[in-house]
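**Student:** Predicted model follows, preceded by the sequence.
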Amino acid sequence: MTATPLDDTARLRATADFVREHDTTTLLPLLLPGLDGPDHQALADSFRFSHAALLVLPPDHATLHAQLAACGLRFDAPPQPSVVVRGRLARRHGRAEADLDVSILRPTVPGPQGERTVEVFALTVPPGSDLADLAAHERAHQHEAHLAFELTRPEPLALRGLCALLARHGATPDGGGYNPHEDSTVLYFTAPSGSRTGFRRVELYAHGDHRAVLTDHLGAAPARQPAEALLLQLTGAWTTQALAVAARLGLPDALDTAAPTAPEVLARDLGADPQSLVTLLRYLAMLGAVTELPDGYRLTATGALLRADAPGSLRPLALMYGGPFYRSFGELEHTVRTGHAAFDHLFGENHFDHFARDPELAELFDQSMAASSRMFEPLPAHPVVTAAARGTGTGTGTGTGGTVVDIAGGNGELLGRLLAAHPRLRGVLLERPHAVEAARRQLDAAGLGERCGYVAGDFADVPADADVYLLSRVLHDWEDERCREILRHCARAMPAHADLLIVERLLPADGSASLATAWDLHMMCNTGGRERTAEHYARLLADAGLHLLDHAPLPLGAAVLHVRKAAVPAPAEPARPTPAHAGR
């Protein structure tokens, strides 16, 4: 049957009605069957339903405008070129991209939570055009119809975490691209079987240039030749050093995110060789950290995370991964052959002691820990914490706020977030003496010191009778037996009503891509520790008389495990204590 312009009008009207009727909360269960509460909340907190999209193929621009008007869809902004859809159509139909003039229009419609958009891709197909077969195929199959979700924080790690979460619920990678006209990155997925939205594809939309993430997303499909793929992987060390050197030079701080800077000006300001700096800039542009323009280079949203003063700056991590940890990874073979940490082999001592002996390294390490602190953002709203803040989770029944103990709590970043969010909570931080003093200064500066106590000691000194205990990025520093020892100290200190929250990255049980897999190698090489699956943690907890109730995702690929004491008595206290160290 030959499609007519009326078909496009009907589809436009149906899409507009869909956008008017749905929001993020109502869409997610329809889109991802079996989505559970924690994953639903993680997705709802990370992105918002932005628009529904479709491809229309009118005979001319006047017809398109009439169709939009008939559906009550009006727009003010001029159409923009669609790089991504044009490329997809060209590949699907074996056409030259230059022959496909695809534009994007974004008329708005009111929705249940404010104004949303119908994204209209338009390819003009005049009567008698050689594009008629293409148009008939696209109308029949609706390849470009999709639902789009926009990241609330368009950052590479958040984007990677969302990709992993969608994949875990059955969505599969289905292309994507970067649109320089709008400085935006889109990642497409095929919706899982059983999806009940009527749309077979999903788009993640992120402002900025995220081509490094896009490369990995596209690489999920076997499009690249094996030798090329392997060569790109073999140059990973170059990427680490390029980003670390850029951070050390202060390059991100010298660039603007809005206007380009000429390379010769950058070279003069940074004290760098002009030709060598241009070579570095070209590589950084390939990574998506900068954008190359005719009159210079502009910093992208990704590159801006390397600025020293950026909120949530990752500069300390770049310096750490391009510095001492880069050197220790050069000795990875030693770890694989012997089972012993390469860091100890290279530096002659474990990395906790090594950093403690060097004040500059110790400060950089503390800063690198803070760089990942955004994984803590959902924790103040965790039911265990809110119950303790209200006094409903305490054992006294008095209704006064409870006490939270942060074990090996580092500089107090996590504990400070909980105390700031809940004025009735009290806190205790257990750490090594020099770390306690640093945490005291930070919490005092935040006006939280009066509600916080401090214990200078090791894991054997976990305070008793609190309501909530925290172990954040601690257990992955250690091998299994040492973890059991730490957990037994916790079990001994915890009253029957208390909760233990453990923050770690969980290895996926199905072998899917995960940040935890990378950190597993990192921990093995640098601390002798490891990442673990939820089931592995459950076994360690059971050995210590504790029970894993559930776990929920956190930003940056992390998870929070909720633990309580088991019904059976915990094993006897271990014979020797373990020194407390700030978690990674």
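**Tutor:** Arrived safely. Numbers count the residues shown, from 1 in each chain.
**Student:** any idea how far Leu471 is from Tyr537?
**Tutor:** According to C-beta to C-beta, to the nearest Å, Leu471 stands 11 Å off from Tyr537. For glycine as for every other residue, the C-beta is placed from the backbone atoms N, C-alpha and C.
**Student:** Same question for Leu100.
**Tutor:** For Leu100, the distance to Tyr537 - C-beta to C-beta - is 52 Å.
**Student:** coming back round to it: joint contacts of Leu471 and Tyr537?
**Tutor:** Both Leu471 and Tyr537 are in contact with Ile502, where contact means C-beta atoms under 8 Å, 6 or more residues apart in numbering.
**Student:** picking up where we left off before, of Leu100 and Tyr537, which one has the most company?
**Tutor:** Tyr537 (25 against 19; other C-beta atoms under 10 Å).
**Student:** got the residue ranges for the helices in the stretch 1-150 of the chain?
**Tutor:** Ranges of helices in the stretch 1-150 of the chain, per DSSP state H, counting those that start in this stretch, are 5-21, 24-31, 37-46, 61-70, 83-93, 132-141.
**Student:** What is the longest one packed up against?
**Tutor:** Based on contacts counted as 3 or more C-beta pairs under 8 Å, 6 or more residues apart in numbering; DSSP states H and E, the elements that helix 5-21 packs against are strand 47-56, helix 61-70, strand 108-111, strand 114-123.
**Student:** Between the ones you listed, which one is closest to His522.
**Tutor:** Closest of those to His522 is strand 47-56, at 27.9 Å (criterion: C-beta to C-beta).
**Student:** check which helix or strand covers the spatially most central residue of the chain.
**Tutor:** Among the residues of the chain, the one closest to the centroid is Ala158, at 2.3 Å (C-alpha atoms, centre = their mean). Element membership of Ala158 [criterion: DSSP states H and E] is helix 156-168.
**Student:** And the next helix or strand past that helix?
**Tutor:** For helix 156-168, the following helix or strand on the C-terminal side (DSSP H and E) is strand 172-179.
**Student:** Now do that next one: everything it contacts.
**Tutor:** So strand 172-179 is contacted by 82-84, 87-88, 163, 167, 184-190, 192, 201, 209-211, 214, 217-218, 220-221 (C-beta under 8 Å, 6+ apart).
**Student:** now stretch 159-166, how far from the centre of its chain.
**Tutor:** Distance of stretch 159-166 from the chain centroid (C-alpha atoms, centre = their mean, to the nearest Å) equals 7 Å.
**Student:** in the stretch 451-584 of the chain, what spans have low per-residue confidence?
**Tutor:** 512-513, 568-584 (pLDDT under 70).
**Student:** how about low-confidence regions in the protein?
**Tutor:** 1-6, 111-114, 220-226, 229, 392-399, 512-513, 568-584.
**Student:** in it, what residue sits furthest out from the centroid?
**Tutor:** Distance from the C-alpha centroid of the chain peaks at Gly128, with 48.6 Å (C-alpha atoms, centre = their mean).
**Student:** And for Gln442, the neighbour number?
**Tutor:** Around Gln442 there are 19 residues (other C-beta under 10 Å).
**Student:** What of the one 10 residues further on?
**Tutor:** Residues near Cys452, counting by other C-beta under 10 Å, number 23.
**Student:** where does the closest residue to it other than its chain neighbours fall, helix, sheet strand or coil?
**Tutor:** Once flanking residues are discounted, Cys452 sits nearest to Gly427: 4.3 Å by C-beta to C-beta, 6 or more residues apart in numbering. Three-state call for Gly427 (DSSP: H, G, I helix; E, B strand; the rest coil): strand.
**Student:** partner residues bridging Gly427?
**Tutor:** Taking DSSP bridges as the rule, Gly427 bridges to Val404, Cys452.
**Student:** so it makes contact with Gly401?
**Tutor:** No: taking contacts as C-beta atoms under 8 Å, Gly427 lies outside contact range of Gly401: 10.3 Å.
**Student:** Out of the contacts of strand 172-179, name the ones that lie in strands.
**Tutor:** 184-190, 201 (DSSP state E).
**Student:** which of those residues lies closest to Ala148?
**Tutor:** Distances from Ala148 to the ones in strands among the contacts of strand 172-179, taken by C-beta to C-beta, are shortest for Val186, at 7.9 Å.
**Student:** re the thing from before, between Gly427 and Gly401, tell me which one has more neighbours.
**Tutor:** Taking neighbours as other C-beta under 10 Å, Gly427 and Gly401 compare with Gly427 leading, 26 against 19.
**Student:** rewinding a little: residue contacts, the residue nearest to Cys452?
**Tutor:** Per C-beta under 8 Å, 6+ apart, neighbours of Gly427: 403-406, 415, 418-419, 448, 451-453.
**Student:** Please tabulate these in CSV and include distance to Gly303 as additional columns.
**Tutor:** Converted to CSV, the contacts of Gly427 look like this (distance: C-beta to C-beta, whole Å):
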residue, distance to Gly303
Thr403, 42
Val404, 37
Val405, 39
Asp406, 33
Leu415, 32
Leu418, 32
Leu419, 34
Leu448, 33
Arg451, 39
Cys452, 37
Gly453, 41
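**Student:** before we move on, back to that, got the angle between the helix holding Ala158 and helix 24-31?
**Tutor:** 40 degrees (axes from the mean of the first three to the mean of the last three C-alpha atoms, to 10 degrees).
**Student:** which other helices and strands contact helix 156-168?
**Tutor:** helix 37-46, strand 146-151, strand 184-190, strand 201-207, helix 211-219, helix 515-526.
**Student:** Please name the strands paired to the shortest one in the sheet, noting orientation.
**Tutor:** Take DSSP bridges as the rule and strand 146-151 pairs in its sheet with strand 47-56 (antiparallel), strand 201-207 (parallel).
**Student:** what's the spacing between Met320 and Phe365?
**Tutor:** In terms of C-beta to C-beta, Met320 sits 7 Å off from Phe365.
**Student:** overlap in contacts of the two?
**Tutor:** Shared contacts of Met320 and Phe365, defined by C-beta under 8 Å, 6+ apart, are absent.
**Student:** my guess is Asp60 contacts Pro126, does it?
**Tutor:** Yes: using C-beta under 8 Å, Asp60 makes contact with Pro126 at a distance of 6.6 Å.
**Student:** If you count surrounding residues, which of these two has more?
**Tutor:** Per other C-beta under 10 Å, whichever of Asp60 and Pro126 has more neighbours is Asp60, with 13 against 10.
**Student:** beta partners of Tyr205?
**Tutor:** Glu150, Val186.
**Student:** residue contacts, it?
**Tutor:** 50, 148-151, 184-186 are the contacts of Tyr205 under C-beta under 8 Å, 6+ apart.
**Student:** hmm, try it at 7 Å
**Tutor:** By C-beta atoms under 7 Å, 6 or more residues apart in numbering, Tyr205 lies in contact with 50, 148-150, 184, 186.
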